[in-house]
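what's the 3D shape of this:
(chains A and B)
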Amino acid sequence: MEPRLTVQLTLKAYDVLLPVATGFVEKTALTLGLGKKEALALALATEEVFLYLCHISAPETEVEIRCRSSAYCTATDFIFEAAGFQMKAFNLTAIPSFEDEASIQETGLLIASRVVDRFNLHYVGKRLLLTFVKDKAYPETAGLDVPVSVPLSRFFIRRPDVEEVKAAVRMIRHYCRDRFNPPEIDFPGKVADIFASGELDAALAMDSVGHIGGALFWSRDVPEGVECFGPYIFHSESDPEMAIGLLDRCIEEIARSGAVGLINRYSGTGLPPGYFEPLGVLTFSRGDGTRVDVEASYRHLREDKGIVVWAHPDLDPFLESQYKKCILPREIQWVTVEGEKKFSSSVLSAEMNRFGHWVVLRPLVYGEHAATALADHVRLLEKEGFSSIFFEMDLKNAWQAHFTPGLLKNAFEPRLVIPYGGKGDLVVFQHRTHDKA
Amino acid sequence: MISFFSPKKLLPRYIQTFEAYVPSRPDPELMKRYGCSRLFRLNNNENALGPPPEAREVLRRFPPKAAALYPSGDAFYLRHALARQFNKDPEQFLVGNGANEVIAFVIKAFCEQGDNIVTADKTFAVYEWVARFSGLEARLTPLRDFAFDDQAMLARMDERSKIVFLCNPNNPTGTYWDRTRLCGFLDRVDGRAVVVMDEAYAEFVEARDYPDGMSLMETYPNLVVFRTFSKMYGLAGLRIGYLVGSSEVVNVIRRTCIVYSVNRLAQEAALASVPAMDHILATRQMVREGKVYLHRELKALGLPFISGEGNFLMVRLPFSDTLAYRKLMTRGVMVRTMTTFRFPNYIRITISSMEAMEALITALRRILT
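Below is the predicted model of the structure:
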C-alpha cells in the first residue's frame, strides 16, 4: 500500500506570489502521480482561486494550499478566511459574466470548478476549506480480451492480486453489462489503483486452476459504513452459494472494522436472501429510454443504538414511514426558520455519469434562493440529457434539511433512506423527470 | 500564521486506521428509542441470579464513607483468598478491572512492534482489538467445526509470535478443548510463546473432560489463565477479573499492571464470592433448564443453533442478525448480534431465567412470521 502524501504551502494573498502558488500545485501534482494535462488543470484552478483571493482579501491574509495524493487522484485544498467569498460561482448553473470587475473575478472561480473533476466546500471554523480533485487519466478497457466464464463446480474465495482485479473488472463489464455499475468499472486500471491503495477491497470466487467465477468489491468511501458492489456472478444469473461465500468473506473482513453498516446500491439480482434489508428503489434510464428500478439495500454490522437526525417538517410523513418500516430508532429534530441570516446563495455539487445519464446533486451551502438553484440545475441537466436526477441529503447536518421545501417544490420526491449513508442517515430524493418519459 | 491542527498527524499509523468501539447505550435510552416498557438483557451473558448472597451482603453493608479511601492497590486480600481456593501462591495472581484489563497487561508485557499474537477469527474480540491498537499483528485462524484449530494455530506461529490466546470454552460457540488436546497443543508450543487460556465461562462447564488450566501451570509454566467475576459471580457491573500464572511469568506481567484500578467495592464483593458453591450450583441448574427449554423451542421453530458449554447459545436466523436485534428490541428482548463475531445472521442468547427464555421464544415466533 503506497503512503498518502501531503505537501503544504502557506502564502500571503498577494498576486505577485501567483507563480509560486501555481508552480507549487503543478509540480506537486506531477510528483504525486498526475499526468501533465491533469496537473495543468489543477494549476489553472489554483491560478483562478488564488487571484480571486488576492482581490477580495485584506492585506496580509494568508492562504494555505495543500496537495494530497491518493491512488487515482490528487486533491488540492485551499484554506482561507471566508469573508466576501462568492460561492455561487461553483454552481453548475453559474454563467460567465463580464459586466463588471466583480463578475469577471467570479468567472475565474467558475472556470476553476469546471477544469477539475470534483470540488467540495465546507467551513472549518470561520475559514473555508475549498477542495479541488483531479483524477488520473486512465484508458478504457475496450479491445482487451475478457477472461472466459466457465461454471465452477468447486470454488474457493480469496483476496485477488492487482491483475486479477483488472480481469474481474473486465468480466463485470462484459458479463454484467446490463447491471447498473459504479462508473469506475469503465476503467480497470483505476479500480486496480484504488484496490492497491487499500481504499477498495475485493474477494473473488475461483477454482483451483484460476478461473474466476464471481467477484465482490467493497469500499470504505462512506463515512460511517462500507459500500459493496456485487456480488457479480459471471456464468449464470445467480449462484446463491457463491454469492453467500463472497458476502461472508466481505462481512468477515469488515465485521470488526468499526463500520456501522454495509450498503449495496447496485445489487440488481443475485443477492442471497436474508443478507440485506431492502430500502427502496431508484429509477434509472437506459440509453434506449427504457426505465429500470434498481433496489438499494443495506445491512447493519452492529446493533443500532439509535441516533438523532435533523429534518424539515415537510419530510415528516416520509421519514416516519421509512423508520417504521426499517425499525430504526431515531429521534427526529425538526429544523426551524426563525429569521436568522442565510448565506447569499445556495451551492450544489453535481456528480455526473454521462454514460448512465444520471446525476447526483449534493448540497454544499444553504443560502438564499435554494429552490431557484434547484430549478436551474434541473433545467440545465435535463437539457444536457440527464434522465435520472438525484439529490442526497445528510440528516446529520441540520442545514441540509432546509433544502426540503425547495426540493418538494421542484418535483423531487424522497425515495429512500440509507441508514448511516452519510455522516448520519442519508435521504435520497429523485426528480420526477422519469414520469415524462 | 493560520494554524490548522489535525490530531491525525500525531497518530501512529495503526491508530489512524483503528476505529473506536462504541458501547451500547444505557437500557433506559434503548428502551425509550425502541419503545419497550421492559427489557430482558440476553446480550452480555450476565447471570440472571445476580451475585452470590455473600456478595450481596457486602454490597448492602458497604459504608459510604469507605468510598473516600483508596482500595488495596493490588487486591491483597482477594489474591490471598484465591490462592487458598486454588492452592497457589498469592503472587501468582494479578487482579484487573475486568478480564479486558488483564488482556492488555499481558500484551503490553510481552509484545513490541513487529511481534504478533495468534488466536481464532471467531472468538472474543478483545484479544484482536488490543493487539491491533497496540500496533501488533493479530494472526487469526479460522475455527474448525466451530472450535479453535490447534494445527492451524501452530502453523501460524513464528519466532515473533509472543502470545497465543485460547478461549476455553469459546465465546460464542461454546466449544472447548479437552485436557488431551490442550496438553498436546502446549507440548507443541514447547515454551516458544505464552499461552493464555481465557476461562471466563469455566464455572459453567459441567463436562467431565474439561481441563482445569490452573492445574497445568506447574507442567507448563508458559500457561496463563484468565478468570472473571463478571459471569458466574454476577459482578459484571463492578468490573473485576484476574489472571493466574507461574510466578516467573506473573512477575513479568506485573510490570505493566495498573495498580489501584480495581475499586474497593469490587474487591470486597469478589472476596465474599469465593467460592460460593451454592450459587454456582443454582446458576448451573438455571442454565441447564434454560438450555433444555431453548433446544426444544428452537427446534420447533426450525432454527438451527449451536449450543455448547457456557451460559449462552447461538441461533442461525433466516435474516440479518442486526435486523433481528431491532425487531426483538421492540419486543423488550436484547440479544447479541454475531456479525461482529464474524457469524453473520447468527444471534447469541444468554441463558437466563425461564421468564426471559419464554419472552425470547414468544418474540422470536412473532418476528419469524
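
near residue B:64, how many other residues are there?
6 (other CB atoms under 10 Å in any protein chain shown). (Each C-beta comes from the backbone N, C-alpha and C, glycine too.)

show me what the residue of the stretch 1-150 of chain A found nearest chain B bridges to in the sheet.
The stretch 1-150 of chain A approaches chain B most closely through residue A:62 (4.9 Å), counting by CB to the nearest CB. Beta bridges link residue A:62 to residue A:12 when assigned by DSSP bridges.

for whatever residue of the stretch 151-300 of chain B ends up closest to chain A, grab the count of nearby residues.
Chain A sits closest to residue B:172 of the stretch 151-300 of chain B, with a gap of 12.8 Å, by CB to the nearest CB. When neighbours are counted by other CB under 10 Å, residue B:172 registers 26.

ditto for the one 4 residues further on
The local packing count at residue B:176 equals 25, with neighbours defined by other CB under 10 Å.

for residue B:208, see how far away it is.
Look at residue B:176 and residue B:208: by CB to CB, to the nearest Å, they are 12 Å apart.

may I have the phi/psi pair for the nearest residue to residue B:201 once chain neighbours are set aside?
What sits nearest to residue B:201 in space, not counting adjacent residues and going by CB to CB, 6 or more residues apart in numbering or on different chains, is residue B:310, at 4.0 Å. Backbone geometry at residue B:310, expressed as degrees, to the nearest 10, gives phi 100, psi 170.

next up, the contacts around residue B:310.
By CB atoms under 8 Å, 6 or more residues apart in numbering or on different chains, residue B:310 lies in contact with B:45, B:169, B:171, B:174, B:201, B:204, B:205.

returning to what we had before: the residue of the stretch 1-150 of chain A closest to chain B contacts residue A:14, correct?
No: using CB atoms under 8 Å as the test, residue A:62 is too far from residue A:14 to be in contact (10.5 Å).

got the domain ranges for chain B?
Here the domain parsing of chain B from automatic domain parsing is B:10-50+B:277-368, B:65-273.

how close does the closest residue to chain A within the stretch 101-250 of chain B get to residue B:23?
As assessed by CB to the nearest CB, chain A sits closest to residue B:125 within the stretch 101-250 of chain B, at 5.9 Å. Remark: distance between residue B:125 and residue B:23 (CB to CB) = 13 Å.

more neighbours: which of the two?
Ranked by neighbour count (other CB under 10 Å), residue B:125 and residue B:23 place residue B:125 first, with 17 against 7.

correct me, but that one touches residue B:340?
Yes: assessed by CB under 8 Å, residue B:125 is found in contact with residue B:340 at 6.7 Å.

excluding chain neighbours, what is closest to residue B:244?
residue B:225 (4.8 Å).

pLDDT wise, what is the nearest residue to the residue of the stretch 151-300 of chain B closest to chain A once chain neighbours are set aside at?
Closest residue to residue B:172 apart from its sequence neighbours, by CB to CB, 6+ apart: residue B:348 at 4.6 Å. Looking at residue B:348, its pLDDT stands at 98.

what about residue B:348, which helix or strand?
strand B:346-350 (DSSP states H and E).

can you check residue B:54 too?
Here residue B:54 is assigned to helix B:53-61, by DSSP H and E.

what comes up buried for that helix?
B:54, B:55, B:56, B:58, B:59 (16 or more other CB atoms under 10 Å in any protein chain shown).

run through the residues that contact the fourth one.
When contacts are counted by CB under 8 Å, 6+ apart, residue B:58 touches B:265, B:268, B:269, B:271, B:272.

for the residues you listed, pick the one with the most neighbours.
residue B:269 (27 neighbours).

can you name the helix or strand that it falls in?
helix B:264-273.

related to what we said a few turns ago, and the helix holding residue B:54 with helix B:264-273, angle?
Our comparison of helix B:53-61 with helix B:264-273, counting by axes from the mean of the first three to the mean of the last three CA atoms, to 10 degrees, yields an angle of 150 degrees.

next SSE downstream of helix B:53-61?
helix B:76-86.

now that following helix, how far from the chain's geometric center?
How far helix B:76-86 lies from its chain's middle: 21 Å, per CA atoms, centre = their mean, to the nearest Å.

list the buried ones in it?
Buried, per 16+ other CB under 10 Å, within helix B:76-86: B:78, B:79, B:81, B:82, B:83, B:86.

tell me what the helix or strand that residue A:246 is a member of is packed against?
Here residue A:246, judged by DSSP H and E, is contained in helix A:240-254. Here helix A:240-254 touches strand A:156-158, strand A:200-206, strand A:212-219, strand A:225-233, strand A:261-264, going by 3 or more CB pairs under 8 Å, 6 or more residues apart in numbering or on different chains; DSSP states H and E.
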